[in-house]
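Novice: Have a look; sequence and predicted model below, questions after that.
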Amino acid sequence: MKLVIFLLALALDLMIGEPPALIHPVVWFGKLIEFFDEHYKRRSPVLDFAVGSSGTIIVIGFAFFLSKLLYFLPKWFAIAVSVYLLKSSFAIKSLVRHVKDTIREDIEEQRKYVGLIVSRDVSKLDRAHLNSAAIESLAENITDSVVAPLFYYLIFGLSGALIYRAVNTLDAMIGYKNERYLYFGKFAARLDDFLNFIPARVTVLLFLPFNPRKVIEYWRKAKFKLNSDKPIAAMSAVLGVWLEKKGVYRFEGKEPTLEDIRRALKIYWIVIGEWMAFILVSEIVKSFFVQ
């Protein structure tokens with residue numbers, strides 16, 4: 001049944017992409033932490049950390065509750081809801097759409113669409129750095145949006161996928177090192193680092209078939225961040241282009257072009273295919289031994 005739910009969720013994602021915001025669990029997670037963020041006035045590092053951590057735990061608890069609510073539903077309805085909730089934890093088609101939108105000949109249009117998928121200020125980025133930012137976002141989100149949620153689904157079932165998605169959403173919203181979130185979002189940020197440690201490295205392994213030697217070489221150079229630079233390094237190695245977030249990291253290569261974004265999307269589909277195949281095979285093997 002776990003395999004059936006996964007396959008149906010995958011088909012649903014590839015057919016419809018992201019569900020409407022009103023009925024999207026990720027939006028619910030965001031609204032819940034938003035409540036704490038907006039209503040709590042920052043007071044001190046200790047209190048900020050305590051309130052932010054409490055909010056994070058409550059959101060995680062809500063994600064866990066959603067996964068267990070299924071036990072109270074009729075069997076076939078519970079399966080349908082499980083498919084929907086699992087699909088909500090990962091995003092394959094919508095990620096492609098957002099990155100494709102950045103392939104614009106008009107640089108101002110490109111700047112607009114790149115700004116929708118990265119947190120950095122894109123107003124002064126030149127063409128090459130806009131191309132780099134789009135490719136970096138695609139590479140990093142292979143882990144965040146696909147590999148990690150399904151990695152935790154394999155191990156812990158629907159609860160694992162939803163809790164990961166909740167934590168990753170919190171990190172995206174409050175996991176910043178600025179005055180407002182340094183302590184308030186610290187617990188969510190560190191928890192996201194912990195949960196992404198293995199999936200980020202699994203993502204790199206999926207790039208190995210393209211150019212094992214170069215991917216390993218770039219992987220060893222990825223010491224700027226705990227997790228997020230690992231798939232970016234692998235994508236840089238395979239494309240042969242430099243990818244850079246100024247003041248944070250840089251992986252060497254030729255200057256990235258719009259065509260390289262298209263190439264990155266082709267690589268993305270192959271990597272996703274490898275991961276889907278691994279999940280399929282592992283679940284079939286597991287079911288064989290369980291029987």
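Specialist: Thanks, I have it. Numbers count the residues shown, from 1 in each chain.
Novice: and the helix ranked longest in the chain, what does it pack onto?
Specialist: Criterion DSSP state H: the longest helix present in the chain is helix 258-290. Here helix 258-290 touches helix 2-16, helix 93-100, helix 127-142, helix 148-156, helix 186-207, helix 229-239, going by 3 or more Cβ pairs under 8 Å, 6 or more residues apart in numbering; DSSP states H and E. Every residue, glycine included, has its C-beta placed from N, CA and C.
Novice: most tightly surrounded among those?
Specialist: Most buried of the helices and strands packed on helix 258-290, by mean neighbour count (mean count of other Cβ atoms under 10 Å): helix 229-239, with a mean of 27.
Novice: Helix or strand next in line after that helix, which one?
Specialist: Per DSSP states H and E, the first helix or strand lying C-terminal to helix 229-239 is strand 243-245.
Novice: Give the pairing partners of the helix or strand following that following strand; include direction for each.
Specialist: For strand 243-245, the succeeding helix or strand toward the C-terminus, using DSSP H and E, is strand 249-251. Sheet pairing here is set by DSSP bridges, and for strand 249-251 it gives strand 243-245 (antiparallel).
Novice: And the contacts of the partner strand?
Specialist: The contact list for strand 243-245 (Cβ atoms under 8 Å, 6 or more residues apart in numbering) reads 120, 129, 132-133, 135-136, 139, 232-233, 235-236, 249-251, 253, 256.
Novice: can you give me how far stretch 264-278 is from the chain middle?
Specialist: 15 Å (Cα atoms, centre = their mean, to the nearest Å).
Novice: taking the mean pLDDT, what do you get for it?
Specialist: For stretch 264-278, the mean pLDDT works out to 98.
Novice: again with stretch 41-48
Specialist: Across stretch 41-48, pLDDT averages out at 94.
Novice: In it, which residues are buried?
Specialist: Neighbour counts over stretch 41-48 (16 or more other Cβ atoms under 10 Å) mark residue 48 as buried.
Novice: right, and the helices and strands packed on helix 258-290 - which one's nearest residue 277?
Specialist: helix 186-207 (10.2 Å; Cβ to Cβ).
Novice: ok, residues contacting the closest one?
Specialist: Residues outside helix 186-207 that contact it (Cβ under 8 Å, 6+ apart): 33, 49, 52-53, 56, 142-144, 147-148, 151-152, 164, 167-168, 170-171, 174-176, 215, 219, 226-228, 230-231, 233-235, 237-238, 267, 271, 274-275.
Novice: Now find how far off-centre the helix or strand following that helix is within its chain.
Specialist: Using DSSP H and E, the helix or strand that follows helix 186-207 in sequence is helix 212-221. For helix 212-221, the separation from the chain centroid amounts to 22 Å (computed by Cα atoms, centre = their mean).
Novice: how about the longest helix of the chain: buried residues?
Specialist: Those buried within helix 258-290 under the rule 16+ other Cβ under 10 Å are 258, 260-261, 263-265, 267-268, 271-272, 275-276, 278-279, 283.
Novice: Identify the residue with the minimum pLDDT among the contacts of strand 243-245.
Specialist: Least confident entry in the contacts of strand 243-245, by pLDDT: residue 120, with 89.
Novice: That one against residue 133, yeah?
Specialist: Yes: assessed by Cβ atoms under 8 Å, residue 120 is found in contact with residue 133 at 6.8 Å.
Novice: This completes my enquiry, with thanks.
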